[in-house]
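Asks: Everything below, folded, please.
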Amino acid sequence: RLRAEMKVPGDAWLELSALPAGSGTTYRQRAIYFPRGLAGKAYWWLVLPFHWLIFPSMARNILRRADSLRHASSVPAAPEVQRA
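Replies: Numbers count the residues shown, from 1 in each chain. Below you'll find the model as predicted:
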């Protein structure tokens, strides 16, 4: 869980998780916001539509980077040597 450092009329976090799912992993991200007062509620309703633009691309970029790191760290096993 990451706490937002931006100045907003409330408290905001971004929660990220990766959980095993069969032979792969399920990635989940969630925005959590506790508004303060009317300004906080107005802020949330004004920025909410932009979440549908920002968060999917953020998830794709995180997953793409994780996949490239996974492939980069895959070192093929050394062939077995048979001894007579």
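
Asks: quick one: A31 and F50 touch, right?
Replies: No - A31 is not in contact with F50 according to Cβ atoms under 8 Å; the separation is 10.8 Å. From N, CA and C alone the C-beta is placed, and that goes for glycine too.

Asks: residue ranges for the helices of the protein, please.
Replies: Along the chain, counting by DSSP state H, helices occupy 37-73.

Asks: Quick one: low-confidence residue ranges for it.
Replies: Scanning the chain for pLDDT under 70 picks out 74-84.

Asks: Looking at A31 and F50, which one has more neighbours?
Replies: Using other Cβ atoms under 10 Å as the criterion, A31 and F50 rank with A31 on top: 15 against 9.

Asks: Could you pull up the residues touching the residue nearest to I62 when sequence neighbours are not counted?
Replies: Nearest residue to I62, sequence neighbours excluded (Cβ to Cβ, 6 or more residues apart in numbering): Y27, at 7.0 Å. The contact partners of Y27, taken as Cβ atoms under 8 Å, 6 or more residues apart in numbering, are 16-18, 59, 62-63.

Asks: Now do the buried residues in stretch 5-20.
Replies: Residues 8-9, 12 are the ones in stretch 5-20 that count as buried (16 or more other Cβ atoms under 10 Å).

Asks: Quick one: residues contacting the closest residue to R36 other than its chain neighbours.
Replies: Closest residue to R36 apart from its sequence neighbours, by Cβ to Cβ, 6+ apart: G10 at 4.6 Å. Going by Cβ under 8 Å, 6+ apart, G10 touches 33-36, 40, 43-44.

Asks: What residues are bridge-paired with A12?
Replies: With DSSP bridges applied, A12 shows beta-bridge pairing to Y33.

Asks: Does it touch R30 like I think?
Replies: No - counting by Cβ under 8 Å, A12 stays clear of R30, with 11.4 Å between them.

Asks: can you redo the buried residues of stretch 5-20 as TSV with distance to R1?
Replies: Shown next, in TSV, are these (distance: Cβ to Cβ, whole Å):
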residue	distance to R1
V8	16
P9	20
A12	11
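
Asks: tell me which of the residues you listed is nearest to A72?
Replies: Of all the buried residues of stretch 5-20, A12 has the smallest distance to A72: 32.9 Å, by Cβ to Cβ.

Asks: If anything else comes up later, I'll come back, but that's it for now.
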